[in-house]
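Visitor: Sharing a model that was predicted from the sequence below.
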Amino acid sequence: MRLLHTMLRVGNLERSLDFYCNVLGMQLLRRKDYPGGEFTLAFVGYGDEADHTVLELTYNWGTDHYDLGNAYGHIAIGVDDIYGTCEQIRQQGGKVTREPGPMKHGTTVIAFVEDPDGYKVELIQLGTQGSAKTEQPQTASV
């Protein structure tokens, strides 16, 4: 078994595709309209779905806003240069909601950005997150 995708409902598909593809550097892998159900699915990611976990962006026609609730946490993306990545995101109009730095009670270097619908995206400096075999999972409050 392997994790295939995470689905997010978005209020404006073009705005979300712009953020995930142009600001975060993902690729649009496939997109399909479902007129009978009045929705569109767009799959984005950093590599082919055969080998990578991706995001499914679901746009329900005529719905431009969702209540995110308090159960959703975040998507996490590993980056080589968290400080440079945050600066690049900022320059492209992205919203950095937590500046890069060590997480509370740990050494993992993290930052948070927000997509156009308000979903949190955690950036993790690769090489600072420790070993999954020896550490308990660490989560940050946002």
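Guide: Looks like it came in fine. These numbers come from a predicted model, not from an experiment.
Visitor: Buried ones in the longest helix along the chain, by neighbour count?
Guide: Longest helix in the chain, counting residues (DSSP state H): helix 82-91. Along helix 82-91, these residues count as buried under the neighbour rule (16 or more other CB atoms under 10 Å): 82, 85, 86, 89. For the C-beta atoms, the positions are set from N, CA and C on the backbone; glycine is no exception.
Visitor: closest to residue 49 among those residues?
Guide: For those, the residue nearest residue 49 by CB to CB is residue 85; the value is 23.7 Å.
Visitor: Surely residue 20 is in a strand?
Guide: No - counting by DSSP: H, G, I helix; E, B strand; the rest coil, residue 20 is not found in a strand; it is helix.
Visitor: Which of the three states applies to the residue located most distally from the centre of the chain?
Guide: Within the chain, the residue lying farthest from the chain centre (CA atoms, centre = their mean) is residue 36, at 28.5 Å. Classification of residue 36 using three-state DSSP returns coil.
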